[in-house]
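Participant: How does the following fold in three dimensions:
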Amino acid sequence: MKRPDKARYSKSHEWATLEGDILTLGVTDWAVEHLGDLVYVDLPAAGKELAAGDTACEIESVKAVGEVYSPVAGKVTEVNTGLADDPGPLAGDPYGKGWLVKIKVNDASGFKALLDLAAYEKHLETADAD
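Facilitator: I've put the predicted structure just below:
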């Protein structure tokens, strides 16, 4: 699966894009693959305030529950509500139809601190060894 060049990535396998002051947040294909069969996505309510590092949502699989962390402080403006009933788009298209939340950013420094694609793929070389 091709990872988007314009996205930024965390070492905990979230991806984010920033357009204006709206950050779109999701999890990477690596995270989806390692979670296994997805059964439920617990999304926040629109309007929820997040601090950088807060749990934005949780993804449940048959193997584990994975927390998705916000890289920025801001307010949740939109959630991908369809994923709560059917997490299939998250598994099949994590960088497109599988996005999780959109956040109106208070401070973009957390986004700027994320890894670019090359640095994330280098990080995966050691993550896969674990």
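Participant: what ranges of the chain fall below the confidence cut-off?
Facilitator: Residues of the chain meeting the criterion pLDDT under 70: 128-130.
Participant: what residue is smack in the middle of it?
Facilitator: Gly26 (2.4 Å; C-alpha atoms, centre = their mean).
Participant: what about it, helix or strand, and which?
Facilitator: Applying DSSP states H and E as the criterion places Gly26 in strand 22-27.
Participant: That strand - contacts with which helices or strands?
Facilitator: Packed against strand 22-27, as judged by 3 or more C-beta pairs under 8 Å, 6 or more residues apart in numbering; DSSP states H and E, are the following elements: strand 14-19, strand 65-69, strand 101-107. C-beta: built from backbone N, CA, C; applies to glycine.
Participant: Quick check: the gap between the residue nearest to the centre of the chain and Thr126.
Facilitator: Per C-beta to C-beta, to the nearest Å, Gly26 is found 22 Å from Thr126.
Participant: Same list (the helices and strands packed on strand 22-27) but as TSV, adding mean neighbour count.
Facilitator: Formatted as TSV, the helices and strands packed on strand 22-27 follow (neighbours: other C-beta atoms under 10 Å):
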stretch	mean neighbour count
strand 14-19	19
strand 65-69	17
strand 101-107	20
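Participant: Show the end-to-end separation of stretch 103-114, please.
Facilitator: End-to-end distance for stretch 103-114: 16 Å, by C-alpha to C-alpha, to the nearest Å.
Participant: in this protein, which helix has the most residues?
Facilitator: helix 117-127 (DSSP state H).
Participant: Could you report the neighbour count for Gly20?
Facilitator: Burial of Gly20 is recorded as 7 neighbouring residues (other C-beta atoms under 10 Å).
Participant: picking that back up, does the residue nearest to the centre of the chain have any beta-bridge partners, and if so which?
Facilitator: Gly26 has these beta-bridge partners by DSSP bridges: Trp15.
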